[in-house]
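Colleague: what's the 3D shape of this:
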Amino acid sequence: MSTWRDTTCGALRGSDKGRRVTLAGWADTRRDHGGLVFVDLRDYSGKVQLVLNPERAPEASAVAHEIRNEFVLQAEGEVVRRAPEAVNPNLPTGEIEVQVDTLRILSRSEPLPFQIGEEVDELLRLRYRWLDMRGERMQRNLRLSHTVIQAIRNAMDELDFVDVWTPSMTKGTPEGARDFLVPVRLQPGRFFALAQSPQLFKQLCMVGGLDRYYQIATCWRDEDLRADRQFEFRQLDLEMSFVDREDVLAVMEQAVVASFEALGRVPPATPFPHLTYEEAIRRYGSDKPDLRYGLEIEDATEATRASQFGVFANAPVVRYLIVPRVFSRAELARLEEIAKEWGAKGLAYLVNDNGEIRSPIAKFLSEQELAAFGPEPGTTVLFAAADEHTVGRVLGGLRVHLGRELELAEGRPDAFHWVTDFPLFERDEDSGRWTFLHHPFTAPVPADEQRIEADPGGVVGQHYDLVWNGWELGSGSIRIHRAEVQEAVFRVMGMAEEEQRAKFGFLLDALQMGAPPHGGFAMGIERFLALMAGEPDIRQVIPFPKVASGGDPLTGAPTPIPDTVLKELGIAVIAPKGQAQVPDGR
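Modeller: Coordinates of the predicted model:
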């Protein structure tokens, strides 16, 4: 044991009575009761009360009068039981205290910008993250992270996966997000890209006969930051040869279960339920629905074909939600504004307020229509009428909003599920060209291989997502393992042979040299940890995150680079016209 301490502050209990201990930590509070001084000493494990008695230890008591919050201390003394009336039942160490004989100040602290554990603005917390990390919240989250990562590694070892490190600096390839670029001094004008994922490297590992690869990989994507996104993040990245979809899903489920068990929690039942992409969009308006509550989208298209309400009769699709709540006119007006943000022109409704139907459209609806989708007492029906895509987006957005506002998921068990059978391609909204929905290396289902180029919109991919309580934890797929299929996918995306060779020549070469069938998955570690910790965003489980502006409040990065350095790299910075200087992260 170190000479600095022989136990931790939070480890002591009544059974340690009479034991002599050496402790070290931070002064959490100091209370001066005239002669006696009480100090709560804190480290990562908890707090313990120190008692400094001038009659027992005059020198230590004199030192105690100098102490302020967050001074770093070392104390030696005897563990004694507290008097019954002084026991603190809210503290694990509340039965005992340490009668101090020797006290040393190892380090002093200036007045702090906030007190440890105090609720303050997040930007201030991140600016002084080293202080924030001393608090119970961050200590818990970072140690939870360690436990989960270790459990995942153990699970992968048990399944005979090999941990393989892959490069961070690589060739930029289209994978769905902007690359961060790295200039190369030795080759001015040329750049590496920071890997958005190890996707192609792990596929090459399969061609290399590795069979089962995994990595807790750091990835970089130049995307707008949100609650579940950072520029840099980690993912559990895995790939397997000679497998089908169910083999990959079973491995991921085992990793999830192992993480729950490592934290002493009841794991979710396996296998996780499956929803096809088509089912998810049709029933929930989302490819990552929160299944802790119902609020499913119902169809009224056929029931309204002959409706006297023209909006319904003439719309390609009419669907609705039944909400277990009677809304006021003001609340309905607010919901309509939300629906318009999602693309609706308006929001029709029927409210059943104790048997009385309130609605401006009720007079246009027949008895048959009201019987088909009229609300039960105490509920409201919300309608969307438009094309299928818009209706799904509007009602899916309203479902998420109402689930959160009405706290429909509160007290309900966690819901893990898979979404499968995604389309292989989708239309790019800007160019109108076909692009990939997952990534361009996803294999089509075998039955659709022959119509990749003839009917791109009808091809189903072997792509699957893992969803937990409405958060997409990650995605995976069975990969293309034959060069001619990969080339067909590239052609649908508008890549001529020359461009294919320039961007992916090394992959196409590998697929022509005995590539086994293979598939894999990548799960966002920080998203998984945030949900494990019950946090609202991933910043709370990352030691040193960035903020929404892309800045680092702690260091002030990103910062300008001197012209001399840029010149050496062959780079000139041209500020966009009219763009103001971006402030630093602070």
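Colleague: OK, contacts around Ser366?
Modeller: 307-308 (CB atoms under 8 Å, 6 or more residues apart in numbering). (Each C-beta comes from the backbone N, C-alpha and C, glycine too.)
Colleague: let's see it at 10 Å
Modeller: Residues near Ser366 by CB atoms under 10 Å, 6 or more residues apart in numbering: 303-304, 306-309, 372.
Colleague: I'd like to know which of those are buried.
Modeller: Listed as buried from the contacts of Ser366 are 303-304, 307, 309; burial here means 16 or more other CB atoms under 10 Å.
Colleague: Columns distance to Trp468 and secondary structure on top of the residues you listed, output as CSV?
Modeller: Listed next are the buried ones among the contacts of Ser366 as CSV, based on distance: CB to CB, whole Å; DSSP: H, G, I helix; E, B strand; the rest coil:
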residue, distance to Trp468, secondary structure
Ala303, 35, helix
Thr304, 36, helix
Ser307, 40, coil
Phe309, 40, coil
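Colleague: so how far is Pro545 from the closest residue to Met138 other than its chain neighbours?
Modeller: With CB to CB, 6 or more residues apart in numbering as the criterion, Met138 has its nearest non-adjacent residue at 5.6 Å, and that residue is Asp132. According to CB to CB, to the nearest Å, Asp132 and Pro545 sit 11 Å apart.
Colleague: Please enumerate the shared neighbours of the two.
Modeller: Both Asp132 and Pro545 are in contact with 122, 126, 554, where contact means CB under 10 Å, 6+ apart.
Colleague: Please convert the buried ones among the contacts of Ser366 to JSON lines, extending it with distance to Gly411 and pLDDT.
Modeller: Putting the buried ones among the contacts of Ser366 into JSON lines (distance: CB to CB, whole Å; pLDDT from 0 to 100) gives the following:
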{"residue": "Ala303", "distance to Gly411": "34", "pLDDT": "92"}
{"residue": "Thr304", "distance to Gly411": "36", "pLDDT": "94"}
{"residue": "Ser307", "distance to Gly411": "39", "pLDDT": "94"}
{"residue": "Phe309", "distance to Gly411": "38", "pLDDT": "95"}
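Colleague: Could you identify the most distant pair in those?
Modeller: Ala303 and Phe309 (11.5 Å; CB to CB).
Colleague: how about the strands in the stretch 301-450 of the chain?
Modeller: For the stretch 301-450 of the chain, the strands defined by DSSP state E, counting those that start in this stretch occupy 317-323, 348-353, 356-358, 379-386, 416-420, 425-427, 434-436.
Colleague: so where is the stretch 351-500 of the chain shaky, pLDDT-wise?
Modeller: For the stretch 351-500 of the chain, not a single residue meets the criterion pLDDT under 70.
Colleague: thinking again about what came up before, what's the overlap in contacts for Ala303 and Phe309?
Modeller: The contact lists of Ala303 and Phe309 share 318, 365-366, 369, where a contact means CB under 10 Å, 6+ apart.
Colleague: now, which of those lie within helices?
Modeller: Of these, the ones assigned to helices by DSSP state H are Glu369.
Colleague: and the shared contacts of Ala303 and Phe309, which are buried?
Modeller: 318, 365, 369.
Colleague: mind listing what the residue lying closest to the second one once chain neighbours are set aside touches?
Modeller: The one in question is Leu365. Distances taken as CB to CB, 6+ apart place Phe309 nearest to Leu365, at 6.2 Å, with adjacent residues excluded. Contact partners of Phe309, counting by CB under 10 Å, 6+ apart, are 315, 318, 348, 360-366, 369, 383, 385.
Colleague: how about the residues you listed, which pair is most distant?
Modeller: Checked with CB to CB, these reach their widest spread between Ala315 and Lys363, with 18.7 Å between them.
Colleague: ok, those two, which is more surrounded?
Modeller: Between Ala315 and Lys363, counting by other CB atoms under 10 Å, Ala315 is the more crowded of the two (22 against 9).
Colleague: Does Ala60 lie in a helix or a strand, and which?
Modeller: helix 58-64 (DSSP states H and E).
Colleague: So in that sheet, which strands flank the helix or strand just after that helix, and in what orientation?
Modeller: Downstream of helix 58-64, the first helix or strand assigned by DSSP H and E is strand 72-81. Sheet pairing of strand 72-81 (DSSP bridges) gives strand 20-33 (antiparallel), strand 96-107 (antiparallel).
Colleague: for the longest one, which positions count as buried?
Modeller: Applying a neighbour-count criterion of 16+ other CB under 10 Å, the buried positions in strand 20-33 are 21-28, 30.
Colleague: need those residues in TSV with distance to Glu298 and pLDDT, can you?
Modeller: Formatted as TSV, those follow (distance: CB to CB, whole Å; pLDDT from 0 to 100):
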residue	distance to Glu298	pLDDT
Val21	66	97
Thr22	68	97
Leu23	63	98
Ala24	63	98
Gly25	59	97
Trp26	57	98
Ala27	61	98
Asp28	56	96
Arg30	63	95
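Colleague: quick one: low-confidence parts of the chain?
Modeller: 1, 175-176, 578-586.
Colleague: Now do whichever strand or helix holds Val489: everything it contacts.
Modeller: Using DSSP H and E, Val489 maps to helix 483-492. Residues external to helix 483-492 that are found in contact with it (CB under 10 Å, 6+ apart): 424-425, 433-436, 440-444, 449-454, 456, 459, 461, 479-480, 482, 495-497, 499-501, 503-504, 507-513, 515.
Colleague: what's the offset of that helix from the middle of its chain?
Modeller: The chain centre lies 33 Å from the centre of helix 483-492; the measure is CA atoms, centre = their mean, to the nearest Å.
Colleague: Only the buried residues of the helix or strand following it, if you could.
Modeller: Sequence-wise, the next helix or strand downstream of helix 483-492 (DSSP H and E) is helix 497-511. Buried residues in helix 497-511, counted by 16+ other CB under 10 Å: 500, 503-504, 507-508, 510-511.
Colleague: got a list of what the residue positioned nearest the centre of the chain touches?
Modeller: The centroid of the chain falls nearest to Arg527 when counting by CA atoms, centre = their mean (2.0 Å). Going by CB under 10 Å, 6+ apart, Arg527 touches 227-229, 233, 235, 468, 471-474, 537-538, 541.
Colleague: so which of those residues would you say is closest to Glu356?
Modeller: Nearest member of the contacts of Arg527 to Glu356, counting by CB to CB, is Trp471, at 39.5 Å.
Colleague: hang on, the closest one packs against Arg292?
Modeller: No - applying CB atoms under 10 Å, one finds Trp471 not in contact with Arg292, separated by 11.6 Å.
Colleague: Which helix runs longest in this structure?
Modeller: Assigned via DSSP H, the chain shows its longest helix as helix 136-158.
Colleague: Am I right that Arg82 is in contact with Val48?
Modeller: No - look at Arg82 against Val48 with CB under 10 Å: they stay out of range, at 11.2 Å.
Colleague: ok, the two, which is more surrounded?
Modeller: Val48 (29 against 16).
Colleague: In a helix, the more buried one, correct?
Modeller: No - counting by DSSP: H, G, I helix; E, B strand; the rest coil, Val48 falls outside a helix, being strand.
Colleague: For it, give me its contacts.
Modeller: Neighbouring residues of Val48 by CB under 10 Å, 6+ apart: 7-12, 21, 23, 25, 28, 39-42, 75, 79, 91-94, 96-98.
Colleague: What subset of these is buried?
Modeller: Buried among those (16+ other CB under 10 Å): 7-10, 12, 21, 23, 25, 28, 39-42, 75, 79, 93-94, 96-98.
Colleague: The closest residue to Arg190 other than its chain neighbours and Leu569: what is the separation?
Modeller: What sits nearest to Arg190 in space, not counting adjacent residues and going by CB to CB, 6+ apart, is Val184, at 5.2 Å. Using CB to CB, Val184 is found at 8 Å from Leu569.
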